[in-house]
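> Whatever this is, show me its structure:
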Amino acid sequence: MSNSPEIGSRTRTRAIMEKYGIRTKKSFGQNFLTDLNVLKNIVEAADITANDNVIEIGPGIGALTEQLAQAAGEVLALEIDQDLIPVLKEVLSPYDDVKVINQDVLQANLPELIKKEFKDPSRPIKVVANLPYYITSPILMNLLASPVEWATICVMMQKEVAQRLTAKPGTKQYGALTLAIEYQMQAKIAFDVSRKVFVPAPNVDSAIVVLTPRTNPLPVQPFDKQKLFGFIRGCFAHRRKSLWNNLQSVIGKDPAAKEKMTTVLNQLDISPQIRPEKLTLEQFIELANALHQQNLL
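Below you'll find the model as predicted:
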(Lines give C-alpha, C1' and ligand atoms only; values in the text may rest on other atoms or scores of the structure.)
Protein backbone atom coordinates (compact mmCIF):
# COMPACT_ATOMS: atom_id res chain seq x y z
CA MET A 1 0.00 0.00 0.00
CA SER A 2 1.01 3.61 -0.50
CA ASN A 3 2.45 5.55 2.44
CA SER A 4 0.17 8.48 1.56
CA PRO A 5 -2.47 9.49 4.11
CA GLU A 6 -5.86 7.89 3.53
CA ILE A 7 -8.04 9.64 0.96
CA GLY A 8 -10.63 10.66 3.54
CA SER A 9 -8.20 12.80 5.51
CA ARG A 10 -8.61 16.54 4.93
CA THR A 11 -4.99 16.96 3.87
CA ARG A 12 -5.15 14.16 1.27
CA THR A 13 -8.53 15.37 -0.02
CA ARG A 14 -7.17 18.86 -0.59
CA ALA A 15 -4.01 17.45 -2.19
CA ILE A 16 -6.03 15.32 -4.63
CA MET A 17 -8.32 18.23 -5.50
CA GLU A 18 -5.31 20.47 -6.13
CA LYS A 19 -3.37 17.87 -8.14
CA TYR A 20 -6.26 17.13 -10.51
CA GLY A 21 -7.78 20.60 -10.54
CA ILE A 22 -11.05 19.32 -9.06
CA ARG A 23 -13.83 21.76 -8.29
CA THR A 24 -16.98 20.33 -6.74
CA LYS A 25 -20.01 20.54 -9.02
CA LYS A 26 -23.32 21.73 -7.59
CA SER A 27 -25.13 20.06 -10.48
CA PHE A 28 -24.06 16.67 -9.06
CA GLY A 29 -24.52 17.66 -5.42
CA GLN A 30 -20.84 17.03 -4.67
CA ASN A 31 -19.59 17.42 -1.09
CA PHE A 32 -16.45 15.44 -0.19
CA LEU A 33 -16.39 13.85 3.28
CA THR A 34 -13.11 14.52 5.10
CA ASP A 35 -13.37 12.72 8.43
CA LEU A 36 -11.81 9.26 8.67
CA ASN A 37 -13.71 8.37 11.85
CA VAL A 38 -17.04 9.05 10.13
CA LEU A 39 -15.97 7.05 7.07
CA LYS A 40 -14.94 4.06 9.17
CA ASN A 41 -18.18 4.30 11.18
CA ILE A 42 -20.20 4.15 7.94
CA VAL A 43 -18.46 0.89 6.99
CA GLU A 44 -19.17 -0.45 10.47
CA ALA A 45 -22.84 0.63 10.34
CA ALA A 46 -23.23 -1.20 7.01
CA ASP A 47 -21.66 -4.29 8.62
CA ILE A 48 -19.33 -4.83 5.66
CA THR A 49 -17.41 -8.12 5.64
CA ALA A 50 -15.02 -9.85 3.26
CA ASN A 51 -17.94 -11.97 2.06
CA ASP A 52 -19.89 -8.93 0.77
CA ASN A 53 -20.17 -7.33 -2.63
CA VAL A 54 -20.68 -3.58 -2.26
CA ILE A 55 -22.18 -1.11 -4.70
CA GLU A 56 -21.18 2.44 -3.89
CA ILE A 57 -23.17 5.28 -5.46
CA GLY A 58 -21.26 8.51 -6.04
CA PRO A 59 -17.74 7.73 -4.83
CA GLY A 60 -16.48 11.28 -5.47
CA ILE A 61 -12.70 11.08 -5.09
CA GLY A 62 -12.77 7.69 -3.36
CA ALA A 63 -12.68 8.46 0.37
CA LEU A 64 -15.45 6.02 1.31
CA THR A 65 -14.51 3.66 -1.52
CA GLU A 66 -11.07 3.15 0.04
CA GLN A 67 -12.57 2.24 3.41
CA LEU A 68 -15.02 -0.15 1.74
CA ALA A 69 -12.20 -1.76 -0.25
CA GLN A 70 -10.37 -2.55 2.98
CA ALA A 71 -13.40 -4.37 4.39
CA ALA A 72 -15.42 -5.86 1.50
CA GLY A 73 -14.88 -8.72 -0.92
CA GLU A 74 -15.47 -6.51 -3.96
CA VAL A 75 -16.57 -2.91 -4.50
CA LEU A 76 -18.32 -1.56 -7.59
CA ALA A 77 -18.36 2.25 -7.58
CA LEU A 78 -20.87 4.04 -9.82
CA GLU A 79 -19.82 7.63 -10.57
CA ILE A 80 -21.92 9.93 -12.77
CA ASP A 81 -19.20 12.58 -13.15
CA GLN A 82 -17.01 11.45 -16.04
CA ASP A 83 -14.24 13.87 -15.01
CA LEU A 84 -13.70 11.92 -11.77
CA ILE A 85 -13.25 8.49 -13.40
CA PRO A 86 -9.51 8.84 -14.18
CA VAL A 87 -8.92 10.35 -10.73
CA LEU A 88 -10.68 7.45 -9.01
CA LYS A 89 -8.84 4.84 -11.05
CA GLU A 90 -5.51 6.36 -10.08
CA VAL A 91 -6.09 7.01 -6.37
CA LEU A 92 -7.73 3.59 -5.92
CA SER A 93 -5.12 1.69 -7.95
CA PRO A 94 -3.66 -0.01 -4.83
CA TYR A 95 -6.95 -1.93 -4.43
CA ASP A 96 -7.44 -4.90 -6.73
CA ASP A 97 -11.07 -5.60 -5.88
CA VAL A 98 -12.44 -2.15 -6.70
CA LYS A 99 -14.05 -1.39 -10.05
CA VAL A 100 -15.09 2.15 -11.01
CA ILE A 101 -17.52 2.80 -13.85
CA ASN A 102 -19.09 5.96 -15.26
CA GLN A 103 -22.77 5.26 -14.57
CA ASP A 104 -25.92 7.09 -13.49
CA VAL A 105 -27.54 4.72 -10.98
CA LEU A 106 -31.01 5.88 -12.07
CA GLN A 107 -30.27 4.64 -15.60
CA ALA A 108 -28.53 1.43 -14.56
CA ASN A 109 -29.78 -2.12 -15.06
CA LEU A 110 -28.71 -3.19 -11.59
CA PRO A 111 -29.21 -6.98 -11.93
CA GLU A 112 -27.17 -6.98 -15.15
CA LEU A 113 -24.43 -4.82 -13.62
CA ILE A 114 -24.13 -7.18 -10.67
CA LYS A 115 -23.94 -10.21 -12.94
CA LYS A 116 -21.37 -8.57 -15.24
CA GLU A 117 -19.10 -6.64 -12.88
CA PHE A 118 -18.71 -8.85 -9.78
CA LYS A 119 -16.47 -11.93 -9.91
CA ASP A 120 -18.87 -13.74 -7.57
CA PRO A 121 -22.38 -12.27 -7.99
CA SER A 122 -23.81 -14.77 -5.51
CA ARG A 123 -22.37 -12.94 -2.51
CA PRO A 124 -24.63 -10.67 -0.44
CA ILE A 125 -25.08 -7.30 -2.16
CA LYS A 126 -24.92 -4.18 -0.02
CA VAL A 127 -25.35 -0.56 -1.10
CA VAL A 128 -23.32 2.16 0.61
CA ALA A 129 -23.52 5.77 -0.50
CA ASN A 130 -23.18 9.42 0.40
CA LEU A 131 -26.24 10.49 -1.58
CA PRO A 132 -26.63 13.94 -3.17
CA TYR A 133 -29.37 15.70 -1.20
CA TYR A 134 -31.36 16.74 -4.27
CA ILE A 135 -31.84 13.19 -5.54
CA THR A 136 -31.98 11.06 -2.38
CA SER A 137 -35.62 9.96 -2.68
CA PRO A 138 -35.50 8.97 -6.39
CA ILE A 139 -32.36 6.88 -5.80
CA LEU A 140 -33.90 5.10 -2.80
CA MET A 141 -37.12 4.41 -4.69
CA ASN A 142 -35.10 3.12 -7.65
CA LEU A 143 -33.17 0.72 -5.41
CA LEU A 144 -36.34 -0.55 -3.76
CA ALA A 145 -38.07 -1.02 -7.11
CA SER A 146 -35.18 -3.17 -8.33
CA PRO A 147 -35.55 -6.98 -8.27
CA VAL A 148 -32.17 -7.19 -6.50
CA GLU A 149 -32.44 -8.54 -2.95
CA TRP A 150 -30.34 -6.02 -1.04
CA ALA A 151 -28.75 -7.35 2.14
CA THR A 152 -28.32 -3.79 3.44
CA ILE A 153 -28.69 -0.24 2.12
CA CYS A 154 -26.57 2.16 4.17
CA VAL A 155 -26.78 5.74 2.98
CA MET A 156 -25.91 9.23 4.12
CA MET A 157 -28.58 11.84 3.50
CA GLN A 158 -29.88 15.15 4.76
CA LYS A 159 -30.84 14.72 8.42
CA GLU A 160 -34.39 15.95 7.76
CA VAL A 161 -34.92 13.24 5.13
CA ALA A 162 -33.49 10.61 7.49
CA GLN A 163 -36.07 11.65 10.07
CA ARG A 164 -38.84 11.21 7.48
CA LEU A 165 -37.62 7.69 6.66
CA THR A 166 -37.77 6.62 10.30
CA ALA A 167 -40.84 8.64 11.40
CA LYS A 168 -43.75 7.21 13.37
CA PRO A 169 -47.47 7.73 12.65
CA GLY A 170 -48.81 11.03 13.99
CA THR A 171 -45.55 12.95 13.62
CA LYS A 172 -45.01 15.80 11.16
CA GLN A 173 -42.16 13.90 9.42
CA TYR A 174 -44.38 10.87 8.70
CA GLY A 175 -45.54 10.65 5.09
CA ALA A 176 -45.56 8.80 1.77
CA LEU A 177 -41.77 8.31 1.78
CA THR A 178 -41.90 6.78 5.28
CA LEU A 179 -44.52 4.29 4.13
CA ALA A 180 -42.72 3.41 0.90
CA ILE A 181 -39.64 2.50 2.92
CA GLU A 182 -41.60 0.65 5.61
CA TYR A 183 -43.33 -1.50 2.99
CA GLN A 184 -40.04 -3.29 2.24
CA MET A 185 -37.46 -2.33 4.82
CA GLN A 186 -36.72 -1.59 8.44
CA ALA A 187 -35.05 1.80 8.80
CA LYS A 188 -32.88 3.14 11.59
CA ILE A 189 -30.65 6.17 11.98
CA ALA A 190 -27.15 4.91 12.87
CA PHE A 191 -25.64 8.32 13.68
CA ASP A 192 -25.64 12.00 12.72
CA VAL A 193 -22.91 13.71 10.69
CA SER A 194 -21.99 17.37 11.10
CA ARG A 195 -21.90 19.63 8.04
CA LYS A 196 -18.42 20.71 9.19
CA VAL A 197 -16.71 17.50 7.98
CA PHE A 198 -17.38 18.14 4.28
CA VAL A 199 -15.58 20.08 1.56
CA PRO A 200 -17.41 22.27 0.73
CA ALA A 201 -19.63 22.35 3.82
CA PRO A 202 -23.33 21.94 2.98
CA ASN A 203 -25.98 24.11 4.63
CA VAL A 204 -27.46 21.27 6.70
CA ASP A 205 -26.35 18.35 8.83
CA SER A 206 -26.57 14.75 7.61
CA ALA A 207 -27.39 11.34 9.05
CA ILE A 208 -26.52 7.74 8.24
CA VAL A 209 -29.58 5.57 7.68
CA VAL A 210 -29.39 1.78 7.56
CA LEU A 211 -32.14 -0.09 5.71
CA THR A 212 -32.51 -3.85 6.12
CA PRO A 213 -35.20 -6.14 4.68
CA ARG A 214 -38.34 -6.56 6.78
CA THR A 215 -38.19 -9.59 9.03
CA ASN A 216 -41.95 -9.67 9.67
CA PRO A 217 -44.32 -9.95 6.68
CA LEU A 218 -47.12 -7.43 6.26
CA PRO A 219 -50.37 -8.77 7.75
CA VAL A 220 -52.29 -7.68 4.65
CA GLN A 221 -51.18 -7.39 1.02
CA PRO A 222 -52.24 -4.59 -1.37
CA PHE A 223 -54.28 -5.33 -4.48
CA ASP A 224 -51.59 -3.48 -6.50
CA LYS A 225 -48.35 -2.10 -5.05
CA GLN A 226 -47.91 0.72 -7.59
CA LYS A 227 -51.51 1.86 -7.23
CA LEU A 228 -51.22 1.67 -3.46
CA PHE A 229 -48.38 4.16 -3.36
CA GLY A 230 -50.02 6.43 -5.91
CA PHE A 231 -53.03 6.42 -3.60
CA ILE A 232 -50.89 7.13 -0.51
CA ARG A 233 -49.14 10.05 -2.24
CA GLY A 234 -52.57 11.44 -3.08
CA CYS A 235 -53.68 11.13 0.53
CA PHE A 236 -50.67 13.19 1.64
CA ALA A 237 -51.04 15.81 -1.11
CA HIS A 238 -52.64 18.29 1.31
CA ARG A 239 -51.22 17.51 4.72
CA ARG A 240 -53.32 20.07 6.59
CA LYS A 241 -56.55 18.65 5.21
CA SER A 242 -58.52 15.73 6.57
CA LEU A 243 -58.38 12.27 5.06
CA TRP A 244 -61.87 12.87 3.65
CA ASN A 245 -60.82 16.02 1.77
CA ASN A 246 -57.76 14.28 0.38
CA LEU A 247 -59.84 11.26 -0.67
CA GLN A 248 -62.16 13.56 -2.61
CA SER A 249 -59.12 14.94 -4.45
CA VAL A 250 -57.97 11.41 -5.29
CA ILE A 251 -61.31 9.77 -6.10
CA GLY A 252 -63.61 12.68 -6.92
CA LYS A 253 -66.72 14.31 -5.52
CA ASP A 254 -69.34 12.32 -7.38
CA PRO A 255 -72.23 11.64 -4.94
CA ALA A 256 -72.15 7.88 -5.61
CA ALA A 257 -68.38 7.78 -4.99
CA LYS A 258 -68.76 9.79 -1.78
CA GLU A 259 -71.42 7.36 -0.57
CA LYS A 260 -69.12 4.39 -1.23
CA MET A 261 -66.22 6.15 0.51
CA THR A 262 -68.41 6.75 3.56
CA THR A 263 -69.38 3.07 3.64
CA VAL A 264 -65.74 1.95 3.40
CA LEU A 265 -64.57 4.30 6.16
CA ASN A 266 -67.37 3.12 8.44
CA GLN A 267 -66.52 -0.53 7.77
CA LEU A 268 -62.86 0.10 8.64
CA ASP A 269 -63.73 2.30 11.64
CA ILE A 270 -61.70 5.20 10.22
CA SER A 271 -62.93 8.72 10.95
CA PRO A 272 -63.29 10.88 7.80
CA GLN A 273 -61.84 13.77 9.79
CA ILE A 274 -58.61 12.00 10.73
CA ARG A 275 -55.39 13.37 9.27
CA PRO A 276 -53.59 11.02 6.85
CA GLU A 277 -50.44 10.99 9.02
CA LYS A 278 -52.40 9.20 11.75
CA LEU A 279 -52.91 6.07 9.62
CA THR A 280 -50.52 3.12 9.72
CA LEU A 281 -49.27 1.34 6.61
CA GLU A 282 -51.62 -1.55 7.34
CA GLN A 283 -54.58 0.85 7.51
CA PHE A 284 -53.63 2.45 4.19
CA ILE A 285 -53.44 -0.99 2.56
CA GLU A 286 -56.82 -2.01 3.99
CA LEU A 287 -58.34 1.29 2.86
CA ALA A 288 -56.93 1.02 -0.66
CA ASN A 289 -58.09 -2.60 -0.96
CA ALA A 290 -61.61 -1.73 0.20
CA LEU A 291 -61.87 1.23 -2.18
CA HIS A 292 -60.65 -1.01 -4.99
CA GLN A 293 -63.41 -3.50 -4.19
CA GLN A 294 -65.87 -0.64 -4.59
CA ASN A 295 -64.32 0.12 -8.02
CA LEU A 296 -63.02 3.47 -6.77
CA LEU A 297 -59.31 2.67 -7.29
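
> what's the average pLDDT for the helix or strand harbouring Gln70?
Here Gln70, judged by DSSP states H and E, is contained in helix 63-71. Here helix 63-71 scores 97 as its mean pLDDT.

> which helices and strands does it pack with?
strand 32-33, helix 36-45, strand 53-57, strand 74-79, strand 98-102, strand 125-130 (3 or more C-beta pairs under 8 Å, 6 or more residues apart in numbering; DSSP states H and E). For the C-beta atoms, the positions are set from N, CA and C on the backbone; glycine is no exception.

> For the least confident helix or strand in the chain by mean pLDDT, give me every contacting residue.
When each helix and strand of the chain is scored by mean pLDDT, DSSP states H and E, strand 198-199 comes last, with a mean of 84. Here strand 198-199 makes contact (C-beta atoms under 8 Å, 6 or more residues apart in numbering) with 10, 13-14, 17, 24, 31-34.

> List the residues that contact the residue nearest to Tyr174 when sequence neighbours are not counted.
Spatially, and ignoring its direct neighbours in sequence, Tyr174 is nearest to Ala167 (4.0 Å; C-beta to C-beta, 6 or more residues apart in numbering). Going by C-beta under 8 Å, 6+ apart, Ala167 touches 173-175, 178.

> And for Lys159?
Lys159 neighbours (C-beta under 8 Å, 6+ apart): 192, 204-207.

> please redo it, this time with the cut-off set to 6 Å
Neighbour list for Lys159: 205-207 [criterion: C-beta atoms under 6 Å, 6 or more residues apart in numbering].

> Neighbour count added to those residues, as CSV?
Below are the contacts of Lys159 laid out as CSV (neighbours: other C-beta atoms under 10 Å):
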residue, neighbour count
Asp205, 15
Ser206, 27
Ala207, 20
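
> Quick one: mark the members of the residues you listed that sit in strands.
206-207 (DSSP state E).

> between the contacts of Lys159, which is closest to Pro222?
Ala207 (29.3 Å; C-beta to C-beta).

> Please tell me I have it right and the closest one contacts Asp192.
Yes: between Ala207 and Asp192 there is a contact under C-beta atoms under 6 Å: 5.0 Å.

> quick revisit: now render the contacts of strand 198-199 as TSV, adding pLDDT and distance to Leu296.
Formatted as TSV, these follow (pLDDT from 0 to 100; distance: C-beta to C-beta, whole Å):
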residue	pLDDT	distance to Leu296
Arg10	90	57
Thr13	89	55
Arg14	90	59
Met17	86	56
Thr24	78	49
Asn31	83	45
Phe32	86	50
Leu33	87	48
Thr34	88	53
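
> Emit the ChimeraX select command for whichever of those residues are buried.
For the buried members of the contacts of strand 198-199, the matching ChimeraX selection, counting by 16 or more other C-beta atoms under 10 Å, is:
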select :13,17,24,31,32,33,34
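
> Does the nearest residue to Phe118 once chain neighbours are set aside have any beta-bridge partners, and if so which?
Once flanking residues are discounted, Phe118 sits nearest to Asn53: 4.9 Å by C-beta to C-beta, 6+ apart. Counting by DSSP bridges, Asn53 is bridged to Glu74, Ile125.

> Any regions of the stretch 1-150 of the chain where pLDDT drops low?
The stretch 1-150 of the chain contains residues with pLDDT under 70 at 1-3.

> Just the helices from the stretch 101-250 of the chain, written as ranges.
For the stretch 101-250 of the chain, applying DSSP state H, counting those that start in this stretch gives helices covering 110-117, 136-145, 159-165, 176-184, 225-235, 243-251.

> Please work out how many residues are found near the closest residue to Asn31 other than its chain neighbours.
In space, not counting the residues next to it along the chain, Asn31 is nearest to Phe198; the distance is 4.2 Å by C-beta to C-beta, 6+ apart. Applying other C-beta atoms under 10 Å, we find 20 other residues in the vicinity of Phe198.

> From Ala77, how far out is Phe198?
Shown here: Phe198 relative to Ala77, a distance of 19 Å by C-beta to C-beta, to the nearest Å.

> same deal with Pro94?
Counting by C-beta to C-beta - Pro94 and Ala77 are separated by 15 Å.
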